[in-house]
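Undergrad: Have a look at this prediction, sequence included:
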There are 2 protein chains.
Amino acid sequence: MSGEKGPGEPALLSIGKVAEQVGVSERTLRYYEQIGLLVPAGHSPGGCRRYTRADIDRVAHIRELQSVMGYSLEEIHDLLRAQDRLDAIRSAYHQAPEPARQAHLLEEALVTLDQLRERVQAKSERLGRILATLDAKAARYRQALGELREAEAVTTDSGAG
Amino acid sequence: MSGEKGPGEPALLSIGKVAEQVGVSERTLRYYEQIGLLVPAGHSPGGCRRYTRADIDRVAHIRELQSVMGYSLEEIHDLLRAQDRLDAIRSAYHQAPEPARQAHLLEEALVTLDQLRERVQAKSERLGRILATLDAKAARYRQALGELREAEAVTTDSGAG
DNA sequence: ACAGTCGTTGACGTCAACGTCAATGACTAG
DNA sequence: CTAGTCATTGACGTTGACGTCAACGACTGT
């Protein structure tokens, strides 16, 4: 036994499992590590990468920011740095080394969070406006279609009568 | 006079003006033409591209689909093809060559429009969910911050008293 | 012990969406 | 008519985000 099935243990995953579970390639995971986006939780004695569930969540988060927000990996890197600082605070929270500093970091993280929130909201609003114009367009076309059909019905009437 | 300032005229613009007005490079406009995304309305006798306001709108539309929806130029090309068909119908609408065919094309275009609408809505909803989780996170952090401050106040009290 | 699979590190390839440069031609103010 | 600016067509370069391949080492069931 070399540390596997303990129910309270981290439950480490190989790169292949992670790739399969989140639907990315192994190459992508190694690339993310290369640019400092996702450092695996550890390594096997032989040097194989070992990931945790948290790492999976992180990759999923990265993909979401990519696809939904259209962020570059560099922008995502910045965002996740703030997230990492928050996590550092959470772990520090249970040790309470310097409450004043904790509060400062928390405020800093809140600012970052608010900035992201604003950008997400802005995008959401833009999408809302686009939706409205699309609906308006569809309504106009539907009306035009109705008129066309009415005209056609009249023509058919006079043609058949 | 070679067709410029008539108030009812097309009011053609050079590539430089268009690039400046929509905030893209000339290279980008030529590239869009190269891949068939934006064919200029005409050319000067010497071969310079001439664009209309409609072309400007089109470029703006392209950039919006790129930035907000994250579509590739190829996907945008497909979308705009449907849009172009609709425009063809609109111009045909005043000539009424074949109302049955018009109706068919209109229905086709409506389907495309609905597909886009659905995708926009899906993205909007995803953004909404992200917003909710961000707000929840912020709330938790704000609470943690409050607790920290309270603890600090107590500490300060005992320290000062 | 060993075959078969999984993983590792380079290194080079790729694709979209342009940027940049060079050589040449178009257009415009004076 | 001419200087200065704007535009045109290649052609090659670039950047991000990976894909792919080779040569090798790690791990697993039997």
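TA: It's in.

Undergrad: Tell me which helix or strand the residue most central in space within chain A sits in.
TA: In chain A, the C-alpha closest to the average C-alpha coordinate belongs to residue A:64, at a distance of 2.1 Å (Cα atoms, centre = their mean). Element membership for residue A:64 (DSSP states H and E) is helix A:53-67.

Undergrad: now for the helix ranked longest in chain A, which elements pack on it?
TA: Counting by DSSP state H, the longest helix found in chain A is helix A:99-160. On a contact count with 3 or more Cβ pairs under 8 Å, 6 or more residues apart in numbering or on different chains; DSSP states H and E, helix A:99-160 meets helix A:73-93, helix B:53-69, helix B:99-160. Glycine gets a C-beta too; all of them are placed from N, C-alpha and C.

Undergrad: how close does the closest residue to residue A:128 other than its chain neighbours get to residue B:134?
TA: Nearest residue to residue A:128, sequence neighbours excluded (Cβ to Cβ, 6 or more residues apart in numbering or on different chains): residue B:124, at 6.3 Å. Here residue B:124 is placed at a distance of 15 Å from residue B:134 (Cβ to Cβ, to the nearest Å).

Undergrad: same question, residue A:15
TA: Residue A:15 is 30 Å from residue B:134, by Cβ to Cβ.

Undergrad: Could you do residue A:99 as well?
TA: According to Cβ to Cβ, residue A:99 and residue B:134 sit 25 Å apart.

Undergrad: And residue A:40, by the same measure?
TA: Separation of residue A:40 from residue B:134 (Cβ to Cβ): 27 Å.

Undergrad: Just want to know which of these two has more residues nearby.
TA: For residue A:40 versus residue B:134, neighbours defined as other Cβ atoms under 10 Å in any protein chain shown are more numerous around residue A:40 (20 against 17).

Undergrad: Tell me if that one really is in a helix.
TA: No. Under DSSP: H, G, I helix; E, B strand; the rest coil, residue A:40 sits outside any helix and is assigned coil.

Undergrad: Need the nearest residue in space to it, chain neighbours excluded.
TA: Of all residues not flanking residue A:40 in the chain, residue A:49 sits nearest, at 4.1 Å (Cβ to Cβ, 6+ apart).

Undergrad: Run through the bridge partners of that neighbour.
TA: residue A:43 (DSSP bridges).

Undergrad: coming back round to it: doesn't residue B:127 make contact with the residue nearest to the centre of chain A?
TA: No. Counting by Cβ atoms under 8 Å, residue A:64 sits too far from residue B:127 to count as a contact (10.3 Å).

Undergrad: Could you check the pLDDT of the closest residue to DNA strand C within chain A?
TA: Relative to DNA strand C, the nearest point of chain A is residue A:16 (2.5 Å; Cβ to the nearest atom of the strand). On the pLDDT scale, residue A:16 is placed at 97.

Undergrad: what about it, which helix or strand?
TA: According to DSSP H and E, residue A:16 maps onto helix A:15-22.

Undergrad: which other helices and strands contact that helix?
TA: Partner elements for helix A:15-22 (3+ Cβ pairs under 8 Å, 6+ apart): helix A:26-34, helix A:53-67.

Undergrad: nearest to DNA strand D, of the ones you listed?
TA: Proximity to DNA strand D (Cβ to the nearest atom of the strand) singles out helix A:26-34 among those, at 3.7 Å.

Undergrad: Go through that closest one and flag the buried ones.
TA: Buried positions in helix A:26-34, judged by neighbour count with 16 or more other Cβ atoms under 10 Å in any protein chain shown: A:28, A:29, A:32.

Undergrad: Repeat that for stretch A:57-72.
TA: Buried residues in stretch A:57-72, defined by neighbour count with 16+ other Cβ under 10 Å: A:58, A:59, A:62, A:65, A:68, A:69, A:71.
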